[in-house]
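*Asks:* Mind looking at a prediction? Sequence and model below.
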Amino acid sequence: MRRAISQEQIQKIIKLELEDDKLINSRNYFLFSYYCRGINFTDLANLKWSNIRDGFINYVRAKTKEEFDFKLHPEAIKILEYYRHMEGNSDAGYVFPILYKRHGTVRSQRDRKQKILKRVNQDLKTMAEKAEIQKNLTTYVARHSYASALRTKGISKEDIGKSLGHDSIKTTETYLDEIGDPLFDDRINDCI
């Protein structure tokens, strides 16, 4: 199943006129993931302002315990600025309004993240319809779209895998199988 969407479709999501705060948050989470090397929803929800310093992000991925430290994309910084002084944002130091002090236990945090993830994925389906994107849009699509965008720009599979935190090139190839090999296609087409 093809999970990635094109950069043109990403632009359609960006340009959607949204007035509902819930939809705006869901779009921001999706785009932040895309601009931040496909950060998954759990890691996004766990981000604290202390993970953001001088235009860089530093966090440990919950799934693999691997540390990530990289320069933020300018669009990711814009999303962060939207939340920096937002009324009603997290009272527990989290970047995004997902987890609050009242989510003090591991179980309540897990339940809250699952609840919000479900809502975000529903919102993304609504946005896909509005943007006329014929794809099951989920938070995970942002990760695949990031990988596909890099490959289309000529970044090696090894570098893409490194940026995603993959231990194996096979995992990266699974992400990229859906787009074929645009670099090879362009070289062949240029020869004929």
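*Replies:* Looks like it came in fine. Numbering: from 1, shown residues only.

*Asks:* Mind naming the longest helix for the chain?
*Replies:* Secondary structure assigned by DSSP state H gives helix 106-130 as the longest helix of the chain.

*Asks:* I'd like the average pLDDT over the helix or strand just after that one.
*Replies:* Note on helix 106-130: by DSSP states H and E, the next helix or strand toward the C-terminus is helix 139-152. For helix 139-152, mean pLDDT is 89.

*Asks:* Against which helices or strands is helix 139-152 packed?
*Replies:* Here helix 139-152 touches helix 7-15, helix 21-35, helix 106-130, helix 157-164, helix 169-176, helix 182-191, going by 3 or more C-beta pairs under 8 Å, 6 or more residues apart in numbering; DSSP states H and E. All C-beta spots, glycine's among them, are computed from the backbone N, C-alpha and C.

*Asks:* Take these and write them to CSV, including mean pLDDT, distance to Arg151 and mean neighbour count.
*Replies:* Shown next, in CSV, are these (pLDDT from 0 to 100; distance: least, C-beta to C-beta, whole Å; neighbours: other C-beta atoms under 10 Å):
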stretch, mean pLDDT, distance to Arg151, mean neighbour count
helix 7-15, 96, 12, 15
helix 21-35, 97, 14, 20
helix 106-130, 97, 22, 16
helix 157-164, 83, 6, 17
helix 169-176, 73, 5, 16
helix 182-191, 52, 7, 10
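
*Asks:* Determine which of the ones you listed approaches Tyr146 most closely.
*Replies:* Proximity to Tyr146 (C-beta to C-beta) singles out helix 21-35 among the helices and strands packed on helix 139-152, at 5.3 Å.

*Asks:* And the closest one, how far out from the chain middle?
*Replies:* Taking C-alpha atoms, centre = their mean, to the nearest Å, the mean C-alpha location of helix 21-35 is offset from the chain mean by 8 Å.
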